[in-house]
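> Here is the input, now give the coordinates:
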Amino acid sequence: ALPDAARDTGRDFAHYAPPPRILDGATLRVFLGQLAGSKSPVHTFTPLLGAQIDLDPGAALTLDVDPGFEHGVLLDQGVIEVCGTTLAVADLACQAPGSAQLRLVNRGDGPARVILLGGPPFTEELVMWWNFVGRSHDDIATYRELWQAGDVRFGDVQGYTGRVARLPAPPLPNGRLKPRPRPSS
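You can find the predicted model right below:
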């Protein structure tokens, strides 16, 4: 979802394989934004943070983070404690804006890996349905029609050899899609 001012920007894809940065007991790879002295060259339309963090067994890491950001920590492997809460694999911990630090502790006997995502709270209302993100039901209906028609807005996947040229979008539900309100902190 892009901010309204940039939402009709042309499609783009940037591939960046960040170099590892060794920290005390951890390896950091920043693929969006900046963290702990590492900075990604990938352009974003709002300030964002994306990083893979691998922690050695027993390692504890305290990161200075932007207090204006909300942060999510997704556990991919291992047993991690985030700001005092232990996560299981596939759990997502959320930290509301206001904190200048994020603490990760590997509580397991083996290595652990998390994905850290962050950015300023997105305050615009969104409607998300299937692979589409819009501001209203009408946006989603329009995007579905364009998708079904093979519109250039969505591009083509070069080299795809599947049974169908484009996965068809499911029919819209029998009601109007509404934005989901943002949860209060």
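
> Could you report the neighbour count for P47?
14 (other C-beta atoms under 10 Å). All C-beta atoms are positioned from the backbone trio N, CA, C, and that covers glycine.

> That one contacts Q34, correct?
No. If you go by C-beta atoms under 8 Å, P47 and Q34 don't touch, sitting 9.1 Å apart.

> partner strands of the worst-scoring helix or strand of the chain on mean pLDDT, parallel or antiparallel?
Ranked by mean pLDDT, DSSP states H and E, the weakest helix or strand in the chain is strand 132-134, scoring a mean of 92. When pairing is defined by DSSP bridges, strand 132-134 lines up against strand 127-129 (antiparallel).

> quick one: average pLDDT of the partner strand?
The pLDDT scores in strand 127-129 average 94.

> Need the contact partners of it.
1, 133-137, 139-140, 172, 177-180 (C-beta atoms under 8 Å, 6 or more residues apart in numbering).

> Same question for stretch 12-28.
29-31, 35-38, 40-43, 51-56, 58-61, 104, 106.

> tell me the mean pLDDT for that stretch?
On average, stretch 12-28 scores 94.

> measure S38 to A51 for me?
The spacing between S38 and A51, counted by C-beta to C-beta, to the nearest Å, is 8 Å.

> ditto for E145
38 Å.

> Which one of the two is surrounded by more residues?
Between E145 and A51, counted using other C-beta under 10 Å, A51 has the larger neighbour count: 23 against 12.

> quick one: the more buried one is in a strand?
Yes. The assignment for A51 (DSSP: H, G, I helix; E, B strand; the rest coil) places it in a strand.

> Surely it and R29 touch.
Yes. Counting by C-beta under 8 Å, A51 touches R29, with 6.3 Å between them.

> Give me the common contacts of the two.
Contacts common to A51 and R29, judged by C-beta under 8 Å, 6+ apart, are S38.

> helix, strand or coil for the most centrally placed residue in the chain?
The geometric centre of the chain, computed from its C-alpha atoms, lies nearest to L117 (C-alpha atoms, centre = their mean), at 5.7 Å. Secondary structure, three-state DSSP: L117 is strand.

> same check, this time on L146
Assignment for L146 (three-state DSSP): helix.

> swap in the one 4 residues further on?
Put simply, G150 is coil when judged by three-state DSSP.

> so who does it touch?
Contacts of G150 by C-beta under 8 Å, 6+ apart are 165-166.

> Which pLDDT value goes with it?
G150 is given a pLDDT of 90.

> and if you look at the one 4 residues further on?
Looking at F154, its pLDDT reads 88.

> Quick check: it touching E145?
No. Applying C-beta under 8 Å, one finds F154 not in contact with E145, separated by 11.6 Å.

> Many thanks, we can stop here.
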